Every structure is written in C-alpha cells, then in structure tokens.
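Engineer: all I have is the shape, not the residue letters:
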Ligand code: 5GP
C-alpha cells in the first residue's frame, strides 16, 4: 500500500486558522458546544478549539451503521452525548462529508434535542460523492473522490496520527 501526500501539515494548519477566525467572528460573545464526531474528527476538533476565541465546550458522539457496510445506509448512535444541548449553540465538528448520510442523520438527531443553533464544520468535503444534500457552514477542503488517511483519518484504525492528509494510491 502506498500513501501519497494530498494536503500538507502546513496547509491544514493554515486552513484551520482561517476556519477558527470565521467561527470566532460568528460566535462572538457566545459559548460554543462542539459536538465532535468520533473518532475521525478528534484531532481536527482539538486543533480548531485551540484557535477559536470564544469559549468552547466539548461533547462527543459516535455514529455507526448497523451492518458495517455503506450500502445499507442504516445508522445508529453508538456512543451518545453526555451534555444537554437544549438552548445551546451547537457546532458539529466532522472529519469528512462523503455521501452526507452520517451528517444528515446526525443533524436530525441533534435538532430533536432543541439547540438554540446548529451548524456544521468539516475538515474535508467530497462533493462528487454526495447522496444526501447537507448544507455545510464551515468547510476546510473540497477534495476529489480519493480515500484519505492521516490527520484523524484511518484505514482499519491505523494512520490517524499522520500529521498530513494522504491518499491511498493502491491497496
Ligand atoms: P458519509 O458517507 O456518511 O458522509 O461519511 C461517513 C464516514 O465515512 C465519514 O465520517 C468517514 O469516517 C468515512 N469516510 C468517508 N470518506 C473517507 C476517506 O476518504 N477516508 C477515511 N478514512 N474515511 C472516510
């Protein structure tokens, strides 16, 4: 298996700074409830939170599919939130939006808990793969349809701590 660099560490850091600046302006004077989608978004969420000026509170959620295959598209909450988000300003922090299924499901799930506001921030977006349209409020990078690893992205649990985003050339 060969991994080729797609987005450098420097480019990721710079883009996260820009996203943090935008988020800081939009949430000025508020406290932001980060809902971090495990496990892929963990690294991104920490880096983003450190650069955001308003107060950030963290909670984590894990979504999985019943069968483990993409084709069924049936999702469930595997690990649920601890916090009560009613009346809170919630920002979903995702690693990647691919088909849009996870985010669409998550948005409906979180909306039912009546937050004051609900926005989405993703590090990476694969627009060509979209099946369900979900508006993105903060988007790090649009990429082509490649399978990426590093900076939180895994293949079978490996490579999450690579400091840049690479793609798999061949398996
Ligand atoms: P969805 O298709 O529901 O938008 O995305 C589901 C999940 O698929 C993402 O949260 C992510 O965990 C995984 N995924 C999609 N594309 C990639 C990729 O290129 N690399 C890795 N490691 N995971 C991906």
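Structural biologist: That came in fine, so what should we check first? As the structure is a prediction and not an experimental result, all values here were calculated from the model.

Engineer: close to the ligand, is the strand or helix carrying residue 6?
Structural biologist: When elements are assigned from DSSP states H and E, residue 6 belongs to strand 3-7. No: using Cβ under 6 Å from any ligand atom, strand 3-7 never reaches the ligand; the gap is at least 9.7 Å. (Glycine included, C-beta is placed from N, CA and C.)

Engineer: what sits up against that strand?
Structural biologist: 141, 143, 146, 148-151, 159, 162, 164-169 (Cβ atoms under 8 Å, 6 or more residues apart in numbering).

Engineer: would you map the strands across this structure?
Structural biologist: 3-7, 31-38, 55-65, 75-79, 89-97, 117-125, 138-142, 148-149, 165-168 (DSSP state E).

Engineer: partner strands of the third one, with direction?
Structural biologist: Using DSSP bridges, the strands paired with strand 55-65 are strand 31-38 (parallel), strand 75-79 (antiparallel).

Engineer: which two among the contacts of strand 3-7 are spaced furthest apart?
Structural biologist: 141 and 169 (19.0 Å; Cβ to Cβ).

Engineer: those two: who's more crowded?
Structural biologist: Using other Cβ atoms under 10 Å, the more surrounded residue of residue 141 and residue 169 is residue 141, with 17 against 11.
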